[in-house]
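Student: show me the folded form of this:
(one chain, ligands or ions: 1)
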Amino acid sequence: MSTFLFDQIIFGPVRSRRLGVSLGVNLLPTDSKVCSFDCIYCECGWTPRKRQTKAVLPSRAEVRLKMEEKLAQMVENNELPDVITFAGNGEPTLHPEFEGIIDDTIELRNLLTPKARIAVLSNATMLHKQAVVRALLKVDDNIQKLDSAFEETIRRIDCPASNFKLTEVVESLKSFGGKVIIQTLFLKGNFKGEIIDNTTEEELAAWLKLIAGIGPSQVMIYTIDRDTPAAGLEKVKLDELQRIADRVREIGFAVQVSG
Ligand code: SF4
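Tutor: The predicted structure follows:
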């Protein structure tokens, strides 16, 4: 399967299914992926297990410079982004200078493209760090992944590091006091001889209960869009996603669907 890596710190703008015209920010290396998950559906491919050399992350100064150059160019061309999105080749909150980079981004956004939102797409594994939580509370769209209410399913789909504890992640998500968007990717299929399906009634009932407990400002549900590193995975049909979305609305939450 052909997955891909972003080869720049600032990429795009691209038209995002979920966010509109999005200027991407990649705080990970431009030649390899760094993530605390190894999702079987990741568009960046598998997370490297062993590295020959330490992964080199861009410095805060480098990110600021590249972002300033790109935003200034976009202003000059009158093509303003709807959103500046932290995503890229892995988990952005792993960057040791994440909070400072968010502060710089807010400053540059306010100066150059004041209408653009700032979004972070995260897998919620760094919420035990106070600096990460502080930074996430400063952005407009704090988007955190929760692919199942069952740790066993998350282990099958997202393949987290062994110290992952779903109960701790859920407590951290609750502590945002509603200033969080939950993103869930629904999929079906088989991987390593096991059935993958986070759309069963048992899964959905438990997931909806967890959503109600977290109380997010919005829920984003979507499915596989591009090639995945694991073979044997299937998209969930749009009408099925819509039925899941109806159930989210029934319990009182705003929901966005991308099929
Ligand atoms: S959390 Fe995101 S970047 Fe990390 S493996 Fe999963 S999909 Fe890929």
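Student: count of neighbours near the residue of the stretch 51-200 of the chain found nearest the ligand?
Tutor: In the stretch 51-200 of the chain, no residue comes nearer to the ligand than residue 123, which is 3.7 Å away by CB to the nearest ligand atom. Every residue, glycine included, has its C-beta placed from N, CA and C. When neighbours are defined as other CB atoms under 10 Å, residue 123 has 25 of them.
Student: for it, what are its contacts?
Tutor: 35, 36, 37, 91, 144, 145, 158 (CB atoms under 8 Å, 6 or more residues apart in numbering).
Student: quick check: of the residues you listed, which lies closest to residue 55?
Tutor: residue 35 (10.5 Å; CB to CB).
Student: need the nearest residue in space to the closest one, chain neighbours excluded.
Tutor: With CB to CB, 6 or more residues apart in numbering as the criterion, residue 35 has its nearest non-adjacent residue at 3.8 Å, and that residue is residue 90.
Student: residues touching that neighbour, list them.
Tutor: Residue 90 is in contact with 28, 33, 34, 35, 44, 47, counting by CB under 8 Å, 6+ apart.
Student: same thing but at 7 Å, please
Tutor: 28, 33, 34, 35, 44 (CB atoms under 7 Å, 6 or more residues apart in numbering).
Student: with residue 106 instead?
Tutor: Residue 106 neighbours (CB under 7 Å, 6+ apart): 118, 138.
Student: relative to residue 33, how far out is the residue nearest to residue 35?
Tutor: According to CB to CB, to the nearest Å, residue 90 and residue 33 sit 5 Å apart.
Student: what sits in contact with each of the two?
Tutor: residue 44.
Student: follow-up on the earlier one: quick one, phi/psi of the residue nearest to residue 35?
Tutor: phi 140, psi -150 (degrees, to the nearest 10).
Student: how far away is it from residue 52?
Tutor: For residue 90, the distance to residue 52 - CB to CB - is 17 Å.
Student: and what of residue 245?
Tutor: From residue 245 to residue 52 the distance is 44 Å (CB to CB).
Student: out of those two, which sits in the busier spot?
Tutor: residue 245 (18 against 5).
Student: enumerate the residues of the stretch 51-200 of the chain near the ligand.
Tutor: Listed as neighbours of the ligand in the stretch 51-200 of the chain under the rule CB under 6 Å from any ligand atom: 90, 91, 123, 158.
Student: state the mean pLDDT of stretch 57-69.
Tutor: Averaged across stretch 57-69, pLDDT comes to 98.
Student: need the CA coordinates for that stretch. PDB is fine.
Tutor: Output of stretch 57-69 as PDB, limited to C-alpha atoms (Å, rounded to 0.1, in the frame of the first residue of the first chain):
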ATOM      1  CA  LEU A  57      12.800  17.500  14.800                       C
ATOM      2  CA  PRO A  58      12.600  21.100  13.500                       C
ATOM      3  CA  SER A  59      13.500  23.700  16.100                       C
ATOM      4  CA  ARG A  60      11.000  26.300  17.400                       C
ATOM      5  CA  ALA A  61      12.900  29.000  15.500                       C
ATOM      6  CA  GLU A  62      12.800  27.100  12.300                       C
ATOM      7  CA  VAL A  63       9.100  26.500  12.500                       C
ATOM      8  CA  ARG A  64       8.400  30.100  13.300                       C
ATOM      9  CA  LEU A  65      10.500  31.300  10.300                       C
ATOM     10  CA  LYS A  66       8.900  28.900   7.800                       C
ATOM     11  CA  MET A  67       5.400  29.700   9.100                       C
ATOM     12  CA  GLU A  68       6.000  33.500   8.900                       C
ATOM     13  CA  GLU A  69       7.300  33.200   5.300                       C
END
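Student: show me where the stretch 51-200 of the chain has strands.
Tutor: Remark: strands assigned in the stretch 51-200 of the chain by DSSP state E, counting those that start in this stretch are 83-87, 117-122, 141-145, 181-186, 188-191, 194-197.
Student: got the contact list for the fifth one?
Tutor: The contact list for strand 188-191 (CB under 7 Å, 6+ apart) reads 40, 196, 197, 199, 230, 232, 233, 234, 236.
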